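In: Would you be able to build a 3D model of this:
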Amino acid sequence: MLIKLLRNAAGSLIVLVNWLTKPKSIERSEEQQLKAQDAMKGLSLYQLFACPFCVKTRRALHRLNVDVEIKDIGKQPQFRTELEQGGGKVMVPCLKIEEEGGVRWLYESSDIIEFLEQRTAAV
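Out: Next comes the predicted model:
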């Protein structure tokens, strides 16, 4: 019980610090922004709101000025099930990448951020 309370308090603090220190978003021309956002099609981020690594990943999305579908496994049990069945494990953050060749599941915040940066750099 105490551990859960401490975890929730730490998560709330992380979310507050994130809100206070949001990075500046990349500015693009309207055409470049549309291309960057188009590069995010087929992507879904499975996450927990107060998870530090999920916050890190969401900060990168904010900095890159793109949106992906966010699926919070703590608020929607079906998202947890999707993650476990599709990705093979319940670990967040996880980026579901739907492409012509099929579906890939990318774990680890640093790997996800690198993938997103490469996708947006191509525009």
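
In: worst-scoring helix or strand of the protein, pLDDT-wise?
Out: Ranked by mean pLDDT, DSSP states H and E, the helix or strand of the chain with the weakest confidence is helix 2-20, at a mean of 76.

In: Mind listing what's buried along that helix?
Out: Gly11, Ile14, Val15, Asn18 (16 or more other CB atoms under 10 Å). Where you see a C-beta, it was placed from the backbone N, CA and C, and this is true even at glycine.

In: Repeat that for stretch 85-94.
Out: Using 16+ other CB under 10 Å as the test for burial, stretch 85-94 gives Gly87, Val92, Pro93, Cys94.

In: Between those, which sits nearest Pro23?
Out: Closest approach between these and Pro23, by CB to CB: Pro93, at 16.9 Å.

In: List the contacts of that closest one.
Out: Leu45, Tyr46, Gln47, Cys51, Phe53, Cys54, Thr57, Tyr107, Ser109, Ile112 (CB atoms under 8 Å, 6 or more residues apart in numbering).

In: Give me the buried entries from the residues you listed.
Out: By 16+ other CB under 10 Å, those give Leu45, Tyr46, Gln47, Cys51, Phe53, Cys54, Thr57, Tyr107, Ser109, Ile112 as buried.

In: Just give me the closest of those to Pro77.
Out: Tyr46 (12.5 Å).

In: Quick check: the closest one vs Arg58, distance?
Out: The spacing between Tyr46 and Arg58, counted by CB to CB, to the nearest Å, is 12 Å.
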